[in-house]
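Engineer: got a sequence here, can you model it:
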Amino acid sequence: MSSQLKDKVFEALEEVIDPELGIDIVNLGLIYEVTIEEDKAHIVMTMTSMGCPLAGHIMAGVKASILENVEEFKTVNVDIVWSPPWTKERMSRYAQLALGVHS
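Structural biologist: Numbering: from 1, shown residues only. You can find the predicted model right below:
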């Protein structure tokens, strides 16, 4: 995967905001893996908790943002995984400061 295309994917993912926390999913550390095969993007991610009621909303946002902002893709698949579990240490410094979290 070209670094330029990967950068475009992450820029699109930064547009997806967790509605409960008000921070984008990249800075929250929810994205575990991005793979590309021809015109398909595959995103492996997690949620902040297993019972997240907004998981479907966030997944739909991931697909929509990539398809709208990265013209190279025709298909986006999103898989939610629970291992390794998300922890606050996965958040960027920006997210930690914005949420008042200290790791």
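
Engineer: enumerate every residue touching the nearest residue in space to residue 17 that is not next to it in sequence.
Structural biologist: Closest residue to residue 17 apart from its sequence neighbours, by C-beta to C-beta, 6 or more residues apart in numbering: residue 24 at 5.4 Å. Just so you know, the C-beta spots here come from the backbone N, C-alpha and C atoms, and that holds for glycine as well. Contact partners of residue 24, counting by C-beta atoms under 8 Å, 6 or more residues apart in numbering, are 13, 14, 15, 16, 17, 18.

Engineer: mind giving me the ChimeraX command for buried ones among the residues you listed?
Structural biologist: A single ChimeraX command is used to select the members of those judged buried by 16 or more other C-beta atoms under 10 Å:
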select :13,15,16,18
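
Engineer: and which of the contacts of residue 24 is nearest residue 62?
Structural biologist: Checking these against residue 62 with C-beta to C-beta, the nearest one is residue 16 at 5.5 Å.

Engineer: and of the contacts of residue 24, the nearest to residue 45?
Structural biologist: When these are compared against residue 45 (criterion: C-beta to C-beta), the nearest one is residue 13, at 8.7 Å.

Engineer: does the closest one touch residue 66 like I think?
Structural biologist: Yes. Residue 13 is within contact range of residue 66, at 7.3 Å (criterion: C-beta atoms under 8 Å).

Engineer: distance of the residue nearest to residue 17 from residue 94?
Structural biologist: Distance of residue 24 to residue 94, given as C-beta to C-beta, to the nearest Å: 9 Å.

Engineer: related to what we said a few turns ago, could you dump the contacts of residue 24 into JSON lines and include pLDDT, secondary structure and distance to residue 29?
Structural biologist: As requested, these are exported to JSON lines (pLDDT from 0 to 100; DSSP: H, G, I helix; E, B strand; the rest coil; distance: C-beta to C-beta, whole Å):
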{"residue": "13", "pLDDT": "99", "secondary structure": "helix", "distance to residue 29": "12"}
{"residue": "14", "pLDDT": "98", "secondary structure": "coil", "distance to residue 29": "12"}
{"residue": "15", "pLDDT": "98", "secondary structure": "coil", "distance to residue 29": "16"}
{"residue": "16", "pLDDT": "99", "secondary structure": "coil", "distance to residue 29": "13"}
{"residue": "17", "pLDDT": "98", "secondary structure": "strand", "distance to residue 29": "14"}
{"residue": "18", "pLDDT": "96", "secondary structure": "coil", "distance to residue 29": "11"}
